[in-house]
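1. mind folding the following:
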Amino acid sequence: MKIEENYSLERHNTFHLNVKTRWFMEYNNEEELVRILKDEYVSSFEKVHIGSGSNLLFLHDYRGVVMHSAIKGMAIVDEDDENVSIRVGAGELWDDLVAFAVKNGWGGIENLSLIPGEVGAAAIQNIGAYGAEFKDVVQAVETVEIETASKRIFPIEDCKYGYRSSVFKNELNDKYIVTYVIVRLNKRPRIAIEYADLKAELAACNEINLAAVRKAVIDVRTRKLPDPETMGNAGSFFMNPTISERHYNLLKEQYPSMPSYPLSDGRVKIPAAWLIEQCGFKGKAFGQAGVYEHQALVLVNLGGAEGTEIALLAETIRETVSQRFGIQIEPEVKYIS
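-> Numbers count the residues shown, from 1 in each chain. Predicted coordinates:
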């Protein structure tokens, strides 16, 4: 177990904000996590659990306890001719799991290549990209309840997964800590490349297999998104909003080129990046915070920005989009105050 006081979190948030926490506690297994949660001194502080900090915005120094999982490991727990189930430690990097799956010829998460963050966070956020989501492969999520330090396993039906959401983000927000996830992958994968970017990237490919799809996704993401190591960012800052068909039809008359994706419930998804770009934010700097020049969904730390500066830019974007289109866009990033 690692315990540090007045610890810098600059390496633990991909915006690279220079903030500190009163206490930082990193555990290697569930037993160490339980010891932390049962400690009377620790219980007197506010607590927040983080992954790699790729979906967080610290507004200022944190005066409580920041916890982080170092639980590692990927082990096969079930297997048949069609599928394989893997139990993965929450502290594993998500993309390491994707690479492991592709290397073994197991399909289901190749479209989620290069998404930053750890496996535990993927279970909370229900990460998604290019037509795939975490919920498509998860079987169960193992957790420890913060209040009681008792273990609970959530089968997929109890996780209430939706677009970039789960029970862990809503009703049970900050109530449970993910320790392991069990994912079920396909030994006879079905390649899914419906998105235009992927189709174009793979057009000249002689054999479209898992490795080719992974490479294509990585190449597309690398071109579109800045490397957090060189330019602080949290990836997509906003979620894509959905609107009613009536609202969509009204907007389509004004903006014939507006991209859209019809959903099974009759609503229509509109790319938030397009809305933000139409409002003129793409590539613009506002003090030390800005909007990335190649992808309007990404807010960036241009060097020395504070969390409140990035939050103010986000709110300005939200208000402008609302006023122009009558659409509310919501942050995908979690604010820590």
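2. for residue 325, which non-adjacent residue is spatially closest?
-> residue 275 (5.9 Å; CB to CB, 6 or more residues apart in numbering). C-beta here means a position set from N, CA and C on the backbone, and glycine is covered the same way.
3. so for the helix or strand hosting that neighbour, mean pLDDT?
-> Secondary structure from DSSP states H and E places residue 275 in helix 272-278. Mean pLDDT, helix 272-278: 97.
4. do the same with stretch 13-24
-> Averaged across stretch 13-24, pLDDT comes to 97.
5. just the CA atoms of it, as PDB, please.
-> Output in PDB follows, covering the C-alpha atoms of stretch 13-24 (Å, rounded to 0.1, in the frame of the first residue of the first chain):
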ATOM      1  CA  ASN A  13      -5.100  13.800 -14.000                       C
ATOM      2  CA  THR A  14      -4.700  14.000 -17.800                       C
ATOM      3  CA  PHE A  15      -5.300  17.700 -17.800                       C
ATOM      4  CA  HIS A  16      -2.000  17.900 -15.900                       C
ATOM      5  CA  LEU A  17      -3.500  20.400 -13.400                       C
ATOM      6  CA  ASN A  18      -1.100  21.200 -10.600                       C
ATOM      7  CA  VAL A  19      -3.300  20.300  -7.700                       C
ATOM      8  CA  LYS A  20      -2.600  18.400  -4.500                       C
ATOM      9  CA  THR A  21      -4.600  16.200  -2.100                       C
ATOM     10  CA  ARG A  22      -4.300  16.100   1.600                       C
ATOM     11  CA  TRP A  23      -3.900  12.300   1.500                       C
ATOM     12  CA  PHE A  24      -3.300   9.900  -1.400                       C
END
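6. ok, the residue nearest to residue 325 to residue 240 distance?
-> Applying CB to CB, to the nearest Å, the value for residue 275 to residue 240 is 9 Å.
7. neighbour count winner among these two?
-> residue 275 (26 against 19; other CB atoms under 10 Å).
8. the helix holding residue 275 - contacts with which helices or strands?
-> In terms of contacts (3 or more CB pairs under 8 Å, 6 or more residues apart in numbering; DSSP states H and E), helix 272-278 is packed against helix 307-325.
9. appreciated, that's everything.
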